[in-house]
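S.K.: Everything below, folded, please.
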Amino acid sequence: MSEHPVFALATDLLAILDELKISYMLIGGVSVRFWALPRPTYDLDVTVSADESQLQALFIRLEKEGYVIPDDVRRGWRDTLAGMKKFAVRKFIARDSWRVDVFLVTTEYQQSAFSRRKTAKLLGKDVWTIGPEDLVLHKLVAGRERDLADVGEILALTRDMDLAYLRKWAGVLGVADGLEERLRRAGLAT
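M.R.: Numbers count the residues shown, from 1 in each chain. Below you'll find the predicted structure:
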C-alpha cells in the first residue's frame, strides 16, 4: 500500500476514533482500493455512529491533532447528501489541505450499511470499511464521473454482489435507474 499522505491521515483519524470508542467505517476513494482497482484520492470519507456528546469529544481531540473544525459544525450544523447527514473538517499537512467528510449514521439505510461493514488492511492495520454493495450505492448517489467509473470496476471485480440488496436500497436512495444501467454494462442485469 502506498505511503500517500491520505493513508497516513486515515490511520491517524481511525486511531482517534478507536481511542474515543466511536464506531466507524471508511467510505469513498480510500475504500475503493479494497473492492476495485486502486486510484488516487485526495480526501477522506468516513461514516461514524456517534451521539452529539461523542462528536463534541471528537472535535476536541481532532483540534489537538491540528484539524480545523468550522464553528457552525461545532454548533451542530450538518449538510445532507441523499438524506444522509454529514459535515467536513480539514487538516493541513505540509502545504496541503486535506478534507475529511464525516457521515453520521442517522438513516435506516446507513444503519443497514453499517451493519454490513467489513474489515480490511490499511498500512498493515485492520480497519472497518464499507462493503462493496454499499460502496456501489454511495458512489451512485455521488454520481460524479469518477464515482460511476468506480461502480463499474467494483461490479466487474466483485462478482458475488447481493443484487436484491442493491436494488432495494437503490430504489430508496433514488438511484435505481443508474444501478440498472451499471448492472447492464457489467453483464449482471437479470
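
S.K.: my read: Gly178 touches Leu166, true?
M.R.: No. Look at Gly178 against Leu166 with C-beta atoms under 8 Å: they stay out of range, at 11.1 Å. For every residue, glycine as well, the C-beta is placed using N, CA and C.

S.K.: Quickly list what the most centrally placed residue in the chain is bridged to.
M.R.: Note on the chain: the residue nearest the mean C-alpha position is Ile27, at 1.8 Å, using C-alpha atoms, centre = their mean. Here Ile27 sits in beta bridges with Asp45, going by DSSP bridges.

S.K.: Below-threshold pLDDT in this structure: ranges please.
M.R.: The chain contains residues with pLDDT under 70 at 1-3.

S.K.: what are the ranges of the helices in this protein?
M.R.: 5-19, 29-35, 52-64, 71-74, 108-115, 132-142, 145-157, 163-173, 176-185 (DSSP state H).

S.K.: Please identify the most buried of those.
M.R.: helix 132-142 (a mean of 25; mean count of other C-beta atoms under 10 Å).

S.K.: quick one on the thing from earlier: can you redo the helices of the chain as TSV with distance to Leu81?
M.R.: Listed next are the helices of the chain as TSV, based on distance: least, C-beta to C-beta, whole Å:
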stretch	distance to Leu81
helix 5-19	20
helix 29-35	15
helix 52-64	18
helix 71-74	15
helix 108-115	11
helix 132-142	6
helix 145-157	12
helix 163-173	10
helix 176-185	15
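
S.K.: Out of those, which gets nearest to Lys91?
M.R.: Closest to Lys91 of the helices of the chain, according to C-beta to C-beta: helix 5-19, at 6.5 Å.

S.K.: centre of the chain versus that closest one, how much separation?
M.R.: 14 Å (C-alpha atoms, centre = their mean, to the nearest Å).

S.K.: tell me the angle that helix makes with helix 52-64.
M.R.: Angle between the axes of helix 5-19 and helix 52-64 is 130 degrees (criterion: axes from the mean of the first three to the mean of the last three C-alpha atoms, to 10 degrees).

S.K.: What is helix 5-19 packed up against?
M.R.: strand 23-27, helix 29-35, strand 43-49, helix 52-64, strand 84-93, strand 96-104, strand 118-122, strand 125-129 (3 or more C-beta pairs under 8 Å, 6 or more residues apart in numbering; DSSP states H and E).

S.K.: Quick one, which of the ones you listed gets closest to Asp150.
M.R.: helix 29-35 (5.1 Å).
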